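Student: Predicted coordinates and the sequence they were generated for:
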Amino acid sequence: MDDTTDKRSAPARSRNLPIQDLRDWLDDVDAIGELVRVTDPVERDEVMSAIVYLLAKQPGSPAVLFEKAVGFEDNPIGARLLWNLVGPSLRRVALTLDEPADTPAIELIRRVQGKMKNRTPPTEVTTEDAPI
């Protein structure tokens, strides 16, 4: 195991680190029990859409990560499809905003207002220095 794997073994919040990428976010959402991983192949256009449409209408509906999309089994990058990212979940909204999942709604609004006042202006990065 390399250092990256070790750092991802616990949710970002418990590591006292900000979420760095979608993998960290998925780990954190999984840790609070709001991620469903579907490992069976699922047809993308109609079946995934129908599943998530019906699921999103339910209170507390989770984020859904489809590991295999029919027709994309040989995808060279191993693409997976993530649906219902935040949905109706205040807990996932809080994690996405780098706040504890149990932050009450009013407190979350206050914290986000504070963050908006302290925005970091963007800086241009040369092509050579860009990570991707």
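Tutor: Received it, and whenever you're ready, just let me know what you need. As the structure is a prediction and not an experimental result, all values here were calculated from the model.
Student: Buried residues in the helix of greatest length in the chain, which are they?
Tutor: The helix that spans the most residues within the chain, counting by DSSP state H, is helix 105-117. Residues of helix 105-117 classed as buried: 108, 111 (neighbour count, 16 or more other CB atoms under 10 Å). No exception for glycine: its C-beta is placed from N, CA and C like everyone else's.
Student: So which other helices or strands are in contact with it?
Tutor: With contacts taken as 3 or more CB pairs under 8 Å, 6 or more residues apart in numbering; DSSP states H and E, helix 105-117 sits against helix 90-96.
Student: avg pLDDT for the helix it packs on?
Tutor: Along helix 90-96, the predicted local confidence has a mean pLDDT of 93.
Student: and it, what does it pack onto?
Tutor: Packed against helix 90-96 by the contact rule (3+ CB pairs under 8 Å, 6+ apart) you find helix 22-31, helix 105-117.
Student: Name the residues that touch it?
Tutor: The contact list for helix 90-96, computed with CB atoms under 8 Å, 6 or more residues apart in numbering, reads 13, 19, 25, 28-29, 32, 34, 63, 85-86, 100-103, 105, 108.
Student: What segments of this protein are helices?
Tutor: Taking DSSP H as the criterion, the chain carries its helices at 3-7, 12-15, 22-31, 49-56, 90-96, 105-117.
Student: Give the rounded mean pLDDT of the last one.
Tutor: Pointing back at helix 105-117 there. The predicted model assigns helix 105-117 a mean pLDDT of 92.
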